[in-house]
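# sequence and predicted structure, then a few things I'm wondering about:
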Amino acid sequence: MARVRLIDVAELAGVSMKTVSNVVHNYPHVAPALRQKVQSAINELGYRPNLTARRLATGKTGMIALAMPEIDHPYFSELSRHIAEEATRRGYRVLIEQTLSDPVAERAVLRDREAGLVDGVIFHPVRMGTLDIAKLAPGTPLVLLGEAAMPVMTDHVMIDNVAAALGGTRHLLNSGRRRIAFLAVMDGDITGSTNQRLLGYQQALIEAGLPLRPDLVLTARDFTAEAGVAAIEAALERGLHFDGVVCRDDKFAIGALKALQAAGKSVPEDVAVVGWDDTLLARYTSPALTSVAPDKLAIATEALTLLEERIGGYEGVGRHRIVGHSLAMRGSAPRLRE
């Protein structure tokens, strides 16, 4: 089948090739009715821009890379969808890369951009440090996500993990809980987020005048729901008493629910549980999970806005953006009665 050309779209839509080009490049001055007419012709013919020709004409491909540690992790999956949908709305196509937190794969995210496949990168690093990124990133339009590295000249988007954990723990304290566990820390944790969430948890306990008890900070072998089950089971087996749990993510929280219910503990009557990330899974547990809810759409929108500005020529000092969060109240730690 012959490749559909720009002129084919123009002839079907009854417009000039320049107008089709303006629509393809998402130029804002095209009238809505005309844009729709051209887009209908594009859809009907199945037209796809020639990236090589576009690069020769504009110096840009219209593609961006999105590099995440795990694309099947519920949080990263949902965030990736927001980014992909917002990128499409802005006229970009998205190349998704999974690094599995491997340092070689993470370095390749930045080093291999020299191939010129994409105009910019949104990247959630885990292993790479600040100096590593600073050395590899010059000239690469780049926005970082997460809590790991923050080079001076690189844009960065995240939520305030300390404040979010403080709020989730306060919610349990305000409901009368006084022996609140944290699920969980892990030996060799390289994520950067656990320590910040643990700090917010501790801050809430200190504010409430409660002692910090190391035995209430549970440990897990890895970041899976199964590890969350094992950590809660081990705590119960050694006779640890707790009436609330703040979890570092929803997978741990789901594990906590399963272990508590298997032990005959009622949630939230005996133990209230707060998760983290407010993923779709949280709505379908029993009881439904109260969870710290990062504003994933705001993360996506802010990251793409910063990246577009970098692609457009901004070369200033890195901008650090903190987006909002909330606490999605459900049955595992319900809203307080007024």
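Looks like it arrived, so ask away.

# tell me the helix or strand right after the helix or strand bottoming out on mean pLDDT in the chain.
Across the helices and strands of the chain, mean pLDDT, DSSP states H and E gives its lowest value to helix 51-58, namely a mean of 55. Scanning forward in sequence from helix 51-58 by DSSP states H and E, the next helix or strand is strand 63-68.

# show me what that next one is packed against.
Strand 63-68 makes packing contacts with helix 74-89, strand 93-98, helix 103-111, strand 120-123 when contacts are defined by 3 or more Cβ pairs under 8 Å, 6 or more residues apart in numbering; DSSP states H and E. Where C-beta positions appear, they are placed from N, C-alpha and C, glycine not excepted.

# partners of the shortest one, with directions?
By that I understand strand 120-123. Strand 120-123 has these partner strands in its sheet, going by DSSP bridges: strand 63-68 (parallel), strand 142-145 (parallel).

# look at residue 34 and give its secondary structure.
Three states are possible here, and by DSSP: H, G, I helix; E, B strand; the rest coil the one that applies to residue 34 is helix.

# isn't it up against residue 20?
No - with contacts defined as Cβ atoms under 8 Å, residue 34 does not count as touching residue 20, sitting 10.1 Å away.

# the more surrounded of these two?
It is residue 20, of residue 34 and residue 20, that has more neighbours when counted by other Cβ atoms under 10 Å, with 25 against 14.

# still on that earlier bit, nearest to residue 235 among the helices and strands packed on strand 63-68 would be which one?
The minimum distance between residue 235 and the helices and strands packed on strand 63-68 falls on helix 74-89, with 24.3 Å, by Cβ to Cβ.

# and the closest one, what's buried?
74, 75, 76, 78, 79, 80, 82, 83, 84, 86, 87 (16 or more other Cβ atoms under 10 Å).

# low-confidence stretches in this structure?
1-2, 26, 49-59, 112-116, 337-338 (pLDDT under 70).

# could you find the closest non-adjacent residue to the residue most central in space within it?
For the chain, the residue nearest the mean C-alpha position is residue 79 (4.4 Å; Cα atoms, centre = their mean). Excluding its sequence neighbours, the residue lying closest to residue 79 (Cβ to Cβ, 6 or more residues apart in numbering) is residue 296, at 5.0 Å.

# quick check: the one you found vs residue 219, distance?
Here residue 296 is placed at a distance of 29 Å from residue 219 (Cβ to Cβ, to the nearest Å).

# between the two, point out the one with more neighbours.
Between residue 296 and residue 219, counted using other Cβ under 10 Å, residue 296 has the larger neighbour count: 21 against 14.

# so what's residue 292 up against?
When the contact criterion is Cβ atoms under 8 Å, 6 or more residues apart in numbering, the partners of residue 292 are 164-165, 167-168, 274-278, 325-328.

# repeat that for residue 256.
With contact set as Cβ under 8 Å, 6+ apart, residue 256 has these partners: 183, 228, 229, 232, 245, 247, 273.

# again, only using 7 Å
Counting by Cβ atoms under 7 Å, 6 or more residues apart in numbering, residue 256 makes contact with 183, 228, 232, 245, 247, 273.

# what's the closest of those to residue 286?
Here the nearest of the contacts of residue 256 to residue 286, counting by Cβ to Cβ, is residue 273; it sits at 11.7 Å.

# follow-up on the earlier one: strands - which of the contacts of residue 292 land there?
Counting by DSSP state E, the members of these that fall within strands are 274, 275, 276, 325, 326, 327, 328.

# so the second one touches residue 282, yeah?
Right, residue 275. Yes - applying Cβ atoms under 7 Å, one finds residue 275 in contact with residue 282, separated by 5.8 Å.

# who touches both of these two?
Where contact means Cβ under 7 Å, 6+ apart, the residues bridging residue 275 and residue 282 through contact with each are 250, 289, 291.

# are any of those residues buried, and which?
250, 289, 291.

# quick check: phi and psi at the last one.
This points to residue 291. Listed backbone geometry of residue 291 is phi -150, psi 140, with angles given as degrees, to the nearest 10.

# that one pairs with what?
So, taking DSSP bridges as the rule, residue 291 has residue 275, residue 328 as bridge partners.

# that one and residue 306, how far apart?
Between residue 291 and residue 306 the computed distance is 27 Å (Cβ to Cβ).

# same question for the first one.
Separation of residue 250 from residue 306 (Cβ to Cβ): 27 Å.

# residues in contact with stretch 293-304?
For stretch 293-304, the surrounding residues in contact (Cβ under 7 Å, 6+ apart) are 78-79, 82-83, 86-87, 90, 122, 143, 145, 157, 159, 277-278, 321, 323-328.
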